[in-house]
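In: Sharing a model prediction with you, sequence too.
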Amino acid sequence: MAIVVQRRDYSLKGPESKRADEKGLASAQWHATPIPRAKMKELMKRKDGPAIRDTLIWFIGLIVLGYLAYLSWGTWWAVPAFFLYGTLYASPGDSRWHECGHGTAFKTPWMNDVVYHIASFCVLRSATPWRWSHARHHTDTIIVGRDPEIITARPPIWKILYMQIFHLYGGPIEIKRFILHTFGKLEEQEKEYIPASEYSKVFREARIYMLIFLAVIAACIFTGSILPAMFTILPTFYGFLLVLTFGVTQHLGLYEDVLDHRLNTRTIYMNRVFRFLYWNMNYHTEHHMFPMVPFHALPKLHEEMKHDCPEARPSLWAALREVIGALRKQKHDPAYVVVKPLPSTALPYRYGPDEDELELTRSEA
């Protein structure tokens, strides 16, 4: 007889949200590695130069690969050409959306905003809703019922992960939201984290997105070819593999409902190409612990935190093996998680809010 494992309710409107609040997990105080104030001030310093350089490389790369893909249209060479174009379109689109959403990529605010909106469209994410969604993700990282960006539940829903290879789960959901927002409506879940004062901005952005969609569709009809859509909108789908690969290594297979990013977030060593595409988000524990440190300073932040963190995963492949192995075990044991030992110089892991009460009792004693 097959064992049926009960899955928790990961929605933001279900009982888990109330339970997280009752447990003291919502908007709680997280563990932070002690770093001297002067050093942190230095690490948080924003610059325009690194982001301008990388953005120019990204756009020039898209133009070059796009031209090669255009020349290859109608031949088998179009398959690898568009795969490379789509990867360069979607993967940096995801990482630039992320960093510019934090407002830390550029020192100049309007540069962050411009690249954020471009990147948001590249990965088909409503700019304003996702800015607030991601703020909640950082406030309540992998807290069930609170975090809207948990990739899959436990036990894992493999169908979702397989569909996401071509963004066939998340993509249609986002398009549905664009349509909903175009008509001045929000999903009930979105109302949990988007302030009412932002609603008009959400609707305006969706209408602009829909106008671009209609223009691309019109271009396809006029030319009698899907080629116009192959350069915008569709790359989000056929170029999504690396976005998914990076994404699943961030938190899957690790703890839920803890207040320590060392327990629910991975840091991974990557080669320079991947680090450029990912904009150093492989230093993910560091980013979650100190989200206001810009992407270009994350390697230095990593060095400052090594004494207080588990050893980084040695490669993307090693991290993927760990994730897949953990997800397979969670199919039968949802409580299974990967825990890495801390160095002797580290502060103990912080599993929950009860430790605050313990510390208070000790101090009073």
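Out: Structure received.

In: what ranges of the protein fall below the confidence cut-off?
Out: Confidence mapping of the chain against pLDDT under 70 gives the ranges 1-5, 355-365.

In: give me that answer again for 50
Out: 1-2, 357-365 (pLDDT under 50).

In: Now do the SS call for residue 258.
Out: Classification of residue 258 using DSSP: H, G, I helix; E, B strand; the rest coil returns coil.

In: if you skip the residues just before and after it, what's nearest to residue 279?
Out: The shortest distance from residue 279 to any non-neighbouring residue, by C-beta to C-beta, 6 or more residues apart in numbering, is to residue 95 (3.9 Å). The C-beta positions use only the backbone N, C-alpha and C, and glycine is treated the same way.

In: that's a helix at that neighbour, yeah?
Out: Yes: the assignment for residue 95 is a helix, going by three-state DSSP.

In: for it, what are its contacts?
Out: If a contact means C-beta atoms under 8 Å, 6 or more residues apart in numbering, then residue 95 has 246, 277, 278, 279, 281, 295 as its contacts.

In: Over to residue 70?
Out: Residue 70 neighbours (C-beta under 8 Å, 6+ apart): residue 227.

In: Sticking with it, tell me its helix or strand.
Out: helix 49-72 (DSSP states H and E).

In: Tabulate the CA atom coordinates of that helix in PDB.
Out: Output in PDB follows, covering the C-alpha atoms of helix 49-72 (Å, rounded to 0.1, in the frame of the first residue of the first chain):
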ATOM      1  CA  GLY A  49      30.800  51.600 -13.400                       C
ATOM      2  CA  PRO A  50      30.500  47.800 -12.900                       C
ATOM      3  CA  ALA A  51      26.800  47.700 -13.800                       C
ATOM      4  CA  ILE A  52      27.200  50.000 -16.800                       C
ATOM      5  CA  ARG A  53      30.000  47.800 -18.100                       C
ATOM      6  CA  ASP A  54      28.000  44.600 -17.600                       C
ATOM      7  CA  THR A  55      24.800  46.100 -19.100                       C
ATOM      8  CA  LEU A  56      26.700  47.200 -22.300                       C
ATOM      9  CA  ILE A  57      28.200  43.700 -22.600                       C
ATOM     10  CA  TRP A  58      24.800  42.200 -22.200                       C
ATOM     11  CA  PHE A  59      23.100  44.400 -24.800                       C
ATOM     12  CA  ILE A  60      26.000  44.100 -27.300                       C
ATOM     13  CA  GLY A  61      26.000  40.400 -26.800                       C
ATOM     14  CA  LEU A  62      22.300  40.300 -27.600                       C
ATOM     15  CA  ILE A  63      22.800  42.300 -30.800                       C
ATOM     16  CA  VAL A  64      25.600  40.100 -32.000                       C
ATOM     17  CA  LEU A  65      23.900  36.800 -31.200                       C
ATOM     18  CA  GLY A  66      20.600  38.100 -32.400                       C
ATOM     19  CA  TYR A  67      22.200  39.000 -35.800                       C
ATOM     20  CA  LEU A  68      23.800  35.500 -36.100                       C
ATOM     21  CA  ALA A  69      20.400  33.900 -35.200                       C
ATOM     22  CA  TYR A  70      18.700  36.000 -37.800                       C
ATOM     23  CA  LEU A  71      21.200  34.900 -40.400                       C
ATOM     24  CA  SER A  72      20.700  31.300 -39.400                       C
END
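
In: In that helix, which of the residues would be classed as buried?
Out: If you call a residue buried by 16 or more other C-beta atoms under 10 Å, then helix 49-72 has these buried ones: 50-52, 54-55, 58, 61-62, 65-66, 68-69, 72.

In: What of stretch 324-341?
Out: Buried, per 16+ other C-beta under 10 Å, within stretch 324-341: 326, 327, 329, 330, 334, 336, 337, 338.

In: How about stretch 165-175?
Out: Under 16+ other C-beta under 10 Å, the buried positions of stretch 165-175 are 167, 169, 170, 171, 174.

In: will you turn those residues into JSON lines that also has secondary structure and distance to residue 133?
Out: JSON lines is the format used below for the buried residues of stretch 165-175 (DSSP: H, G, I helix; E, B strand; the rest coil; distance: C-beta to C-beta, whole Å):
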{"residue": "167", "secondary structure": "coil", "distance to residue 133": "17"}
{"residue": "169", "secondary structure": "coil", "distance to residue 133": "16"}
{"residue": "170", "secondary structure": "helix", "distance to residue 133": "12"}
{"residue": "171", "secondary structure": "helix", "distance to residue 133": "16"}
{"residue": "174", "secondary structure": "helix", "distance to residue 133": "11"}
